[in-house]
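# Using only what follows, build the 3D model:
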Amino acid sequence: MNLNVDDWVERLGGPDGPGRYRKYALATVAYFAVFELGLWALWVAQTDTGRANLVSVAVLGGAHAVVQVLLCRAALHRYLGSGPRPDLLLAAYTTLTAAMAALGCVLLATGHIDDKGLAPYLFWLLMLYGGPCALALSRRAGAAAVAVVSLSIVAGGVMAGLSGAQLGLVTGAALFMAPFMAAAFRATGWGVRLIEELAAARQTQARLAVAEERLRFGRDLHDVLGRNLAVVALKSELAVQLAQRGRPEAVEQMLEVQRIAQESQREIRSVVRGYRTADLHTELAGARSVLEAAGIDCRIEYGPAARLPGEVQAAFGWVVREATTNVLRHAQGASRCTMSLRTAGPAAALLLMENDGASDTPPGAGTGLSGLKERLTAVNGTLTTEQYPGGVFRLTAEIPWEEGE
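From the prediction side, this is the model:
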């Protein structure tokens, strides 16, 4: 099964994408606990130090791994601001780490193991300790805790008789591996937080894009009607005053009111017509701009767009506008949208729009789909929608058209 980067991005692009990524991060850090169990099992299998000592290492190692899983989970939630600092788990994890290090040093000091048995033992402890603690604490506190524990383990090894290359190995772990794992775990937490913040920002951008379009339309209506309605109000008031005085000029004022009202009707029709029948190329370019501003990759295949008659382009333009609004409002976490103009044989033109991030519930009332069907009916067109697994939604508009019309 071949999965490229785009496939993984699509998997994380649905409404549950940030939550899914958090689960992946938790699974990644929890993997180190499984890895630790394997390390202790390997050490026990290769070391001859007496059954009681091996049982002690196995019990402490198992408890250390279990506490590590719990601490990693709690630490990640704390780092993301969704949980308190896990002080008890952190204390238990540090205590178990110190107990295991002390046990290893005692075994070396009493001759139950040699340098080659203690060096990897302490190396693994130092490597495993840094990550969870750095994630559970602030940056400074985490660095201080890792430094203190690492230096204490190295000092314990020296006091137990560790020397030479084996001491160099443990010292290298304290200087490089522990800080590296601490940085890696914090980077994992930072990545999860960044994904969740980007998802929240995308939703905000989508809402702002819809709100901006509403404001634009409202502003156009205000510019057209505001002045004319003010003049109508003044003319009507003047006509009333003149009529009360029996002046014949009242008729002229009312005729002027009638003329302004008729002019306003023409202007409002022009505004609405401009909103409803924009050029298809303009609508496609505008849709791409709005979607990409909301963080959604938009790809357009123009096909026979330039050859379509005006009424077909106008109908498709409205479909593009309304469908784009639906993507922004209803496809939470969408990452891609494809618009494609095609011909269905020699007698029809098709507009296909496909996006991910759709909810499991098909769009209902309020999405404008019923209005689109009515508009397409006026040009003998049809509108169909399909929902696929994985949150993929496809809208297909078909209008009869023969090239050369």
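
# where do the helices sit along the stretch 251-400 of the chain?
Here the stretch 251-400 of the chain has its helices, by DSSP state H, counting those that start in this stretch, at 280-293, 310-330, 369-377.

# most tightly surrounded among the ones you listed?
helix 310-330 (a mean of 22; mean count of other Cβ atoms under 10 Å). Quick note: C-beta positions are derived from backbone N, CA and C, even for glycine.

# Return the alpha-carbon coordinates of it using PDB.
The C-alpha trace of helix 310-330 is given here as PDB (Å, rounded to 0.1, in the frame of the first residue of the first chain):
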ATOM      1  CA  GLY A 310     -23.700  33.300 -21.800                       C
ATOM      2  CA  GLU A 311     -26.700  31.800 -20.000                       C
ATOM      3  CA  VAL A 312     -24.800  28.500 -19.300                       C
ATOM      4  CA  GLN A 313     -21.800  30.500 -18.000                       C
ATOM      5  CA  ALA A 314     -24.100  32.500 -15.800                       C
ATOM      6  CA  ALA A 315     -25.700  29.400 -14.300                       C
ATOM      7  CA  PHE A 316     -22.400  27.700 -13.700                       C
ATOM      8  CA  GLY A 317     -21.100  30.900 -12.200                       C
ATOM      9  CA  TRP A 318     -23.900  30.800  -9.600                       C
ATOM     10  CA  VAL A 319     -23.100  27.200  -8.900                       C
ATOM     11  CA  VAL A 320     -19.500  28.000  -8.300                       C
ATOM     12  CA  ARG A 321     -20.400  30.900  -5.900                       C
ATOM     13  CA  GLU A 322     -22.900  28.900  -3.900                       C
ATOM     14  CA  ALA A 323     -20.900  25.700  -3.700                       C
ATOM     15  CA  THR A 324     -17.800  27.700  -2.600                       C
ATOM     16  CA  THR A 325     -19.800  29.200   0.200                       C
ATOM     17  CA  ASN A 326     -21.000  25.700   1.200                       C
ATOM     18  CA  VAL A 327     -17.400  24.500   1.400                       C
ATOM     19  CA  LEU A 328     -16.400  27.400   3.600                       C
ATOM     20  CA  ARG A 329     -19.400  27.000   5.900                       C
ATOM     21  CA  HIS A 330     -20.000  23.300   6.100                       C
END
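
# got the angle between it and helix 369-377?
Comparing the axes of helix 310-330 and helix 369-377 via axes from the mean of the first three to the mean of the last three Cα atoms, to 10 degrees yields an angle of 170 degrees.

# Over to the nearest residue to Cys72 once chain neighbours are set aside. Which of the three states is it?
Leaving aside its chain neighbours, Cys72 sits nearest to Val29 (4.2 Å; criterion: Cβ to Cβ, 6 or more residues apart in numbering). Three-state assignment for Val29 (DSSP: H, G, I helix; E, B strand; the rest coil): helix.

# wait, isn't Val29 in contact with Arg186?
No. Assessed by Cβ atoms under 8 Å, Val29 is found out of contact with Arg186, at 10.9 Å.

# what's the overlap in contacts for these two?
Leu135 (Cβ atoms under 8 Å, 6 or more residues apart in numbering).

# More neighbours: the two, which one.
Val29 (22 against 19; other Cβ atoms under 10 Å).

# For that one, give me its contacts.
Contacts of Val29 (Cβ under 8 Å, 6+ apart): Cys72, Leu76, Gly131, Pro132, Leu135, Phe185, Thr188.

# any idea of the pLDDT on it?
pLDDT recorded at Val29 is 80.

# list the buried ones in stretch 63-71?
His64, Ala65, Val67, Gln68, Val69, Leu70, Leu71 (16 or more other Cβ atoms under 10 Å).

# Give me the contacts around it.
30, 32-34, 36-37, 40, 86, 89-90, 92-93, 96-97, 100, 128, 132, 136.

# Quick check on those residues: which are buried?
Buried subset of the contacts of stretch 63-71 (neighbour count, 16+ other Cβ under 10 Å): 30, 32-33, 36-37, 40, 86, 89-90, 92-93, 96-97, 100, 128, 132, 136.
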